[in-house]
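S.K.: Build me a model:
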Amino acid sequence: MSNEIISPSSLEGIKRLAKTIKHEQGIKHHQALEEAAKLGGFQNFRHANNILVTNHSSEKQQESHTVFITAYWKDLNTDIRGRETLIIRLSMPWGELIKPAQFQNHRAFINVRAEGPDHLARIDMSSSQSGARRLVCATARTLNFMDATKLHPSKSHNKAYPGGSWTNAVPGKDHHSVWYDRVSKRYLFVDEPYEKAAENRASERAEWAKRHGYMIQKPDWPGMYNPDGGSRLYLIADVKKGIPLEPIIAVLNMLPAPITEENWNGESAPMSPYFVSPGTIAKAEESTKKEKAKQASRKSVGKNNTVSYNGTFVGPQRRPNARMPIETHAEVGRQLKSVLAVSYHRKGVYNRVDAVRSELDEWTQREYNHEELPNEQFFDLYYHGTEHAKYDRSMPAEERGRHIESLTLVKIMLAKYYPDCTPLRAMLKRIDAAINSLQSWTS
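M.R.: Below is the predicted model:
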């Protein structure tokens with residue numbers, strides 16, 4: 001075997017030795033990683049990874065990544081509406097911890113959508129401010145769990161049960177989830193019953209673990225599901241084939257107290273305008289730059305970038321020779337409608353944004369046929385959803401700032417999907433004028 005010395009501060013050294021062990025012993029890669037980690041003085045590779053990453057973070061003060069988590073709510077009794085947004089910090093972007101395709105694998109993400117590289121938002125409408133906050137906190141706790149353990153939610157529940165059958169599940173399981181380690185390719189069963197219920201069946205659960213060769217342990221960290229309501233987190237794994245529990249417990253016990261509604265320190269704001277995170281805006285701007293660079297090589301400003309059409313009631317017109325995705329039309333419409341709903345008495349804003357909406361509605365009709373875009377979906381893009389308009393004659397600076405962000409995002413999306421041409425430039429100029437009017441709107 002190679003005489004390479006593994007440095008306890010180097011994961012790369014462990015990985016290099018694992019490759020040597022794999023070839024020399026003819027074993028699988030994850031087994032070689034385990035052996036290499038043990039030669040480095042660790043319990044297993046996950047233990048080495050957790051310890052060395054922690055040391056690396058403390059030594060280099062690894063940069064944290066901000067994540068915004070948003071939920072919207074409407075009180076059914078009072079019709080009051082609002083938005084709750086919580087900011088948390090992780091060791092890596094949320095997209096490296098969970099992919100949108102995995103959202104269905106855990107209850108805290110089932111009704112969540114990816115709004116941006118730093119923003120997750122609920123797609124459902126909560127019936128109260130309290131409910132919205134609780135949902136946001138649950139998502140935050142689950143992200144904290146993933147960030148600490150680097151495990152991924154899995155839908156392969158049978159892989160975590162003894163014998164691969166749900167009929168062999170631990171007695172009294174409740175609010176459970178299954179987690180997968182990409183490195184070792186092993187599974188972990190996380191059970192989160194209410195503590196009283198688990199204690200009442202403690203002997204039965206212990207007997208089950210002994211019979212099936214499983215281990216049940218409870219970390220100090222209360223868990224993800226409902227820690228402020230009495231649920232507790234139990235880690236359950238096959239002693240031989242499952243994920244070792246000691247390293248998981250070690251990193252969970254380093255976490256601060258779970259984020260709950262009781263210690264809420266997020267932002268509470270009106271529902272409109274919709275929240276747009278800094279990362280979302282930056283990504284859109286970067287995409288626009290890349291798209292513009294592509295267009296520059298084949299740019300042909302003029303009629304080659306436009307097509308003619310007969311506008312409703314106005315006769316011959318020209319529009320960009322391109323199709324903006326339907327989902328982008330929906331997002332642009334959502335942002336425009338959020339501005340229209342509050343700017344009726346500011347005609348310099350309302351009339352210009354309404355004109356933009358009307359023209360985009362015309363473009364959409366020519367970009368897609370009825371099969372691609374049914375009427376019921378088409379009508380929702382730009383003209384439904386402003387029934388609850390406000391008619392205030394003034395607007396606070398903070399709210400004006402949010403609406404300016406909405407219009408800025410609209411400009412970015414339009415410039416990304418439409419080629420540079422006279423119709424687009426006229427539309428962007430109109431939006432700029434609306435932004436200027438918003439900026440000067442004080443009373």
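S.K.: Can you show me the helices along the stretch 251-400 of the chain?
M.R.: Listed in chain order, the helices of the stretch 251-400 of the chain (DSSP state H, counting those that start in this stretch) span 278-298, 326-340, 347-367, 375-382, 397-417.
S.K.: Where among those helices is average confidence lowest?
M.R.: Among the helices of the stretch 251-400 of the chain, helix 278-298 carries the lowest mean pLDDT, a mean of 77.
S.K.: quick revisit: put together a markdown table for the helices of the stretch 251-400 of the chain, with distance to L151 on each row.
M.R.: Where you see a C-beta, it was placed from the backbone N, CA and C, and this is true even at glycine. As requested, these are exported to a markdown table (distance: least, CB to CB, whole Å):
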| stretch | distance to L151 |
| --- | --- |
| helix 278-298 | 24 |
| helix 326-340 | 31 |
| helix 347-367 | 43 |
| helix 375-382 | 38 |
| helix 397-417 | 34 |
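S.K.: Including mean neighbour count and distance to I27, could those go into CSV?
M.R.: Listed next are the helices of the stretch 251-400 of the chain as CSV, based on neighbours: other CB atoms under 10 Å; distance: least, CB to CB, whole Å:
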stretch, mean neighbour count, distance to I27
helix 278-298, 14, 42
helix 326-340, 20, 47
helix 347-367, 19, 57
helix 375-382, 15, 55
helix 397-417, 19, 49
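S.K.: Looking at those, which is nearest to Q317?
M.R.: Ranking these by proximity to Q317 (CB to CB) places helix 347-367 first, at 7.4 Å.
S.K.: And the lowest mean pLDDT element among the helices and strands of this structure?
M.R.: Here the helix or strand of the chain ranked lowest by mean pLDDT, DSSP states H and E is helix 45-60, holding a mean of 61.
S.K.: returning to that earlier point: can you tell which of the helices of the stretch 251-400 of the chain is closest to H157?
M.R.: Nearest of the helices of the stretch 251-400 of the chain (CB to CB): helix 326-340, 31.7 Å.
S.K.: what's next to the closest one, contact-wise?
M.R.: Outside helix 326-340, the residues that touch it by CB atoms under 8 Å, 6 or more residues apart in numbering are 272-274, 324, 349-350, 353-354, 356-357, 360, 364, 368, 372-373, 377, 380-382, 385-386, 389, 403, 406-407, 409-410, 413-414, 417, 434.
S.K.: swap in stretch 258-272?
M.R.: The list of residues contacting stretch 258-272 from outside it, by CB under 8 Å, 6+ apart, reads 72-74, 81-88, 129-130, 133-134, 136-137, 140-141, 144, 221-224, 227-228, 257, 275, 338, 341-342, 399, 402.
S.K.: Export stretch 253-268 to PDB, keeping only CA atoms.
M.R.: Presented in PDB, the C-alpha positions along stretch 253-268 are these (Å, rounded to 0.1, in the frame of the first residue of the first chain):
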ATOM      1  CA  ASN A 253     -25.700  19.500  18.700                       C
ATOM      2  CA  MET A 254     -23.600  22.400  17.400                       C
ATOM      3  CA  LEU A 255     -26.600  24.100  15.900                       C
ATOM      4  CA  PRO A 256     -28.300  26.900  17.800                       C
ATOM      5  CA  ALA A 257     -31.800  26.500  19.100                       C
ATOM      6  CA  PRO A 258     -34.300  25.800  16.300                       C
ATOM      7  CA  ILE A 259     -35.900  28.800  14.600                       C
ATOM      8  CA  THR A 260     -39.600  29.100  15.800                       C
ATOM      9  CA  GLU A 261     -42.500  31.500  15.600                       C
ATOM     10  CA  GLU A 262     -41.900  32.400  19.200                       C
ATOM     11  CA  ASN A 263     -38.400  33.800  18.400                       C
ATOM     12  CA  TRP A 264     -39.400  35.200  15.000                       C
ATOM     13  CA  ASN A 265     -37.000  38.000  13.800                       C
ATOM     14  CA  GLY A 266     -38.000  38.100  10.200                       C
ATOM     15  CA  GLU A 267     -39.600  40.900   8.100                       C
ATOM     16  CA  SER A 268     -43.400  41.500   8.100                       C
END
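S.K.: Quick one: mean pLDDT over that stretch.
M.R.: For stretch 253-268, mean pLDDT rounds to 93.
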